[in-house]
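Visitor: build the 3D model from these lines:
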Amino acid sequence: MLEAKISKKIYDKNGAEAGSIELPSKVFAAKWRSDLVHQVVQSMRSNKRAGTADTKDRGEVRGGGRKPWKQKGTGQARHGSSRSPIWVGGGVTHGPLAEKNYKRKISKNMRAQALFSVLSKKLKDGEILFVDTLAMPSIKTKDAVKVTQNLAKVSNWKTTPTGKKARVLTAIWGRDEKTEKSFRNIPALEIVFLKNLNPFDVLNHKYLVIENPVESVKFLESRG
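Guide: Alright, predicted model coming up:
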């Protein structure tokens, strides 16, 4: 049985149609699996944690070697050290330690299936745009803004190049210094390489632009 295909338009930098592409259903028509997506995203967030938070217990805090006052006869509660956790400046009880490891293992298959699930939902919601190329002849943010405006018109996306939060994730096919530097100063956009596309970044942005869709889709399909 042949795998069903989904046809989508490809646009150029001026917002004009530049062709179409057949999308594999396993990548762009996958079932929404909230449990898997949640597990993968939470694991990725955990792996980003530096684990540098560290506290000292009563044995590590400086001072407190001398008994604050004698055991009896003062009318005060008995204390053996001013570095006790109940004292101001004392040690911390059950505080975070830098030696804690937050790393979680994510298999390649889990990561790929979670990405396919997210991409499928984005496509269904009309939040993915395919562009033949975003290559810029020179480093000019002004020209990149114009490209963004052209693509926003054909997609009807509610976003502007001057937005404070990056709402558009732009997956470029390969390294291109002129393209990267032209688009990086636009607050509404964030540039990533297609090979590094992951469910966490896709979910963290409202829209997704995929450059060089023919090669990009082939690469995404090979991951699963």
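
Visitor: all helices for this structure, in order.
Guide: Along the chain, the segments classed as helices by DSSP state H run 25-28, 34-47, 108-124, 141-155, 177-183, 199-203, 213-223.

Visitor: of all these, which one is nearest residue 56?
Guide: helix 34-47 (24.7 Å; Cβ to Cβ). In short, each C-beta sits where N, CA and C put it, glycine included.

Visitor: out of the helices of the chain, which is closest to residue 96?
Guide: Nearest to residue 96 among the helices of the chain is helix 34-47; the distance by Cβ to Cβ comes to 14.2 Å.

Visitor: make a markdown table out of the helices of the chain and add mean pLDDT and distance to residue 8.
Guide: Output for those, formatted as a markdown table (pLDDT from 0 to 100; distance: least, Cβ to Cβ, whole Å):
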| stretch | mean pLDDT | distance to residue 8 |
| --- | --- | --- |
| helix 25-28 | 94 | 8 |
| helix 34-47 | 95 | 22 |
| helix 108-124 | 96 | 8 |
| helix 141-155 | 91 | 12 |
| helix 177-183 | 93 | 22 |
| helix 199-203 | 95 | 17 |
| helix 213-223 | 94 | 8 |
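
Visitor: nearest to residue 80, out of those helices?
Guide: Of all those, helix 34-47 sits nearest to residue 80, with 39.2 Å by Cβ to Cβ.

Visitor: what's the angle from the closest one to helix 108-124?
Guide: 120 degrees (axes from the mean of the first three to the mean of the last three Cα atoms, to 10 degrees).

Visitor: remind me what helix 34-47 packs against, helices and strands.
Guide: With contacts taken as 3 or more Cβ pairs under 8 Å, 6 or more residues apart in numbering; DSSP states H and E, helix 34-47 sits against helix 108-124, helix 199-203.

Visitor: out of those, which is closest to residue 220?
Guide: Of all these, helix 108-124 sits nearest to residue 220, with 7.5 Å by Cβ to Cβ.

Visitor: with distance to residue 45 and mean neighbour count as added columns, please give the helices and strands packed on helix 34-47 in CSV.
Guide: Compiled in CSV, the helices and strands packed on helix 34-47 are given as follows (distance: least, Cβ to Cβ, whole Å; neighbours: other Cβ atoms under 10 Å):
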stretch, distance to residue 45, mean neighbour count
helix 108-124, 13, 20
helix 199-203, 7, 20
